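Asker: give me the fold of what follows.
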Amino acid sequence: MLAISSSALLNHSYALSGQELNKKIEETVKFENGALSLEKNYTDFVRVSFRINDEGKIEVLDLNFSNEKIKTQLIDKLAEIKIVGDYDSNQVYNYKFSFKQA
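Answerer: Model (predicted):
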């Protein structure tokens, strides 16, 4: 079993609601069991700072991570997201994703 948790850090005042963005991320960032190379009893993480560009795509600004392969797979998933509607393209979002084999 794979447990993925994410949390938004610091940002609560923007046109695109935090719940809306969280829902979009949760719908997209899913990995099949065994898709990530996780060590048993160890939690890997990826911290990502991003903004939503003028095309509604996530533009990664900064990363901190414990596993290069997991980071790459997460960034690929985030690249699939397309935000439509009212959002501030200058707003920076900070998320921490944790991955653990359950």
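
Asker: what ranges do the helices span in this protein?
Answerer: Assigned helices in the chain, in chain order: 18-28, 68-79 (criterion: DSSP state H).

Asker: any idea which of those helices scores lowest on pLDDT?
Answerer: Of all the helices of the chain, mean pLDDT reaches its minimum on helix 18-28 (a mean of 83).

Asker: so that helix versus helix 68-79, what angle?
Answerer: 120 degrees (axes from the mean of the first three to the mean of the last three CA atoms, to 10 degrees).

Asker: could you list everything residue 49 pairs with in the sheet?
Answerer: Beta-bridge pairing for residue 49 (DSSP bridges): residue 62, residue 94.

Asker: next, count neighbours for it.
Answerer: Neighbour count of residue 49, defined by other CB atoms under 10 Å: 17. The C-beta positions use only the backbone N, C-alpha and C, and glycine is treated the same way.

Asker: swap in residue 70?
Answerer: 20.

Asker: who are the contact partners of it?
Answerer: Shown in contact with residue 70 (CB atoms under 8 Å, 6 or more residues apart in numbering): 36, 37, 38, 44, 46, 99.

Asker: try 7 Å this time
Answerer: 36, 44, 46, 99 (CB atoms under 7 Å, 6 or more residues apart in numbering).

Asker: if we only consider those, which is nearest to residue 83?
Answerer: Nearest to residue 83, judged by CB to CB, of these is residue 46 at 19.6 Å.

Asker: the closest one reaches residue 97, doesn't it?
Answerer: Yes - with contact defined as CB atoms under 7 Å, residue 46 reaches residue 97; the gap is 4.7 Å.

Asker: now do the shared contacts for these two.
Answerer: Common neighbours of residue 46 and residue 97 (CB under 7 Å, 6+ apart) are residue 74.

Asker: go ahead and confirm residue 24 touches residue 82.
Answerer: No - counting by CB under 7 Å, residue 24 sits too far from residue 82 to count as a contact (8.7 Å).

Asker: more neighbours, these two?
Answerer: residue 24 (16 against 12).
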